[in-house]
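Colleague: Sequence unavailable; structure follows:
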């Protein structure tokens, strides 16, 4: 009996599929021999290179050409005097660089500090927010402050501060002078002038007095500059308007002391 047309061929069984699937080719001995020969070739080439280099004469390096420098026979320069070496002056007793009290003036009993010195806490206390200023002084390597002051009759009071920094990490003296100048500029009705011989020192006269009930009007003037590791602050206050000449003369003479 014939098989009907269109009848499907029987599906291949698992055994047939296994027989029909291509089988992976096994790695023959020839491939292993070639790989081993390549490795041996590299090793042999390296050894041969070392042997060739060992038999060669060492290559001489070019001579180091250095001109012969004639040594000076004269004695070296003399060390700077205290008048010429600013660091030598400021490393000593900083109080000696403060302006002297003029004749007829009275010592300022209201000065902060002790024996002409003002420590870090005392200096921070001069600001409106001492709690914020104190850690800044620590970070800015505050060293010490020398202070002096006097009263000239009932007209004026004067206070001068020399604030010194260690300046091992940054130039703090210039920064503090610049900060003081910034706040002085913020005051209303203020006139300002350059302080000659300082580069960026400034003098300020505040025309508008400070007023409080029960007290006379208080006029103020100030000067700020720096030299080396020292910031210079000069403050003048009084019941009368302060002439530019007065604060300018004080600031100029104090800078000359440094």
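Modeller: Looks like it arrived, so ask away. Note that this is a predicted model, so its numbers are computed, not measured. Residues are numbered from 1 along each chain as shown.

Colleague: and stretch 90-110, how far out from the chain's middle?
Modeller: On the basis of CA atoms, centre = their mean, to the nearest Å, stretch 90-110 sits 31 Å off its chain's mean C-alpha point.

Colleague: Give me the buried stretch members for that stretch, please.
Modeller: Across stretch 90-110, burial judged by 16 or more other CB atoms under 10 Å covers 90, 94, 97, 98, 99, 101, 105, 108. Placement of C-beta: from N, CA and C, glycine included.

Colleague: got a markdown table for those, with pLDDT and distance to residue 143 too?
Modeller: Output for those, formatted as a markdown table (pLDDT from 0 to 100; distance: CB to CB, whole Å):
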| residue | pLDDT | distance to residue 143 |
| --- | --- | --- |
| 90 | 71 | 10 |
| 94 | 95 | 9 |
| 97 | 96 | 14 |
| 98 | 97 | 16 |
| 99 | 97 | 21 |
| 101 | 93 | 25 |
| 105 | 93 | 28 |
| 108 | 89 | 23 |
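
Colleague: Name the nearest of those relative to residue 153.
Modeller: Nearest to residue 153 among the buried residues of stretch 90-110, counting by CB to CB, is residue 105 at 8.3 Å.

Colleague: and the gap between that closest one and residue 253?
Modeller: 14 Å (CB to CB, to the nearest Å).

Colleague: Pull the contacting residues for residue 151.
Modeller: For residue 151, the contacting residues are 105, 106, 107, 108, 157, 158, by CB atoms under 8 Å, 6 or more residues apart in numbering.

Colleague: ok, 6 Å please
Modeller: 106, 157 (CB atoms under 6 Å, 6 or more residues apart in numbering).

Colleague: can you tell me the helix or strand for it?
Modeller: Secondary structure from DSSP states H and E places residue 151 in strand 142-152.

Colleague: cool, and residue 168?
Modeller: Applying DSSP H and E, one finds residue 168 in no helix or strand.

Colleague: Same question for residue 164.
Modeller: Using DSSP H and E, residue 164 falls within strand 156-165.

Colleague: circling back: what's the angle between the strand holding residue 151 and strand 156-165?
Modeller: 170 degrees (axes from the mean of the first three to the mean of the last three CA atoms, to 10 degrees).

Colleague: Mind jotting down where the strands sit in the stretch 151-258 of the chain?
Modeller: 156-165, 190-194, 202-210, 218-227, 230-238 (DSSP state E, counting those that start in this stretch).

Colleague: Could I get the pLDDT score of the nearest residue to residue 108 once chain neighbours are set aside?
Modeller: Among residues not flanking residue 108 along the chain, residue 149 sits closest, at 3.5 Å (CB to CB, 6 or more residues apart in numbering). pLDDT, residue 149: 96.

Colleague: Surely residue 149 and residue 159 touch.
Modeller: Yes: here residue 149 lies in contact with residue 159, judged by CB atoms under 6 Å, at a distance of 4.0 Å.

Colleague: quick one: low-confidence ranges for the protein?
Modeller: 1-55, 64-66, 68-69, 72, 74-89 (pLDDT under 70).

Colleague: let's go with 50 and repeat that
Modeller: Applying pLDDT under 50 to the chain flags residues 1-28.

Colleague: ok, and the closest non-adjacent residue to the residue most central in space within it?
Modeller: The centroid of the chain falls nearest to residue 170 when counting by CA atoms, centre = their mean (3.4 Å). Nearest non-adjacent residue to residue 170, counting by CB to CB, 6+ apart: residue 140, 7.2 Å away.
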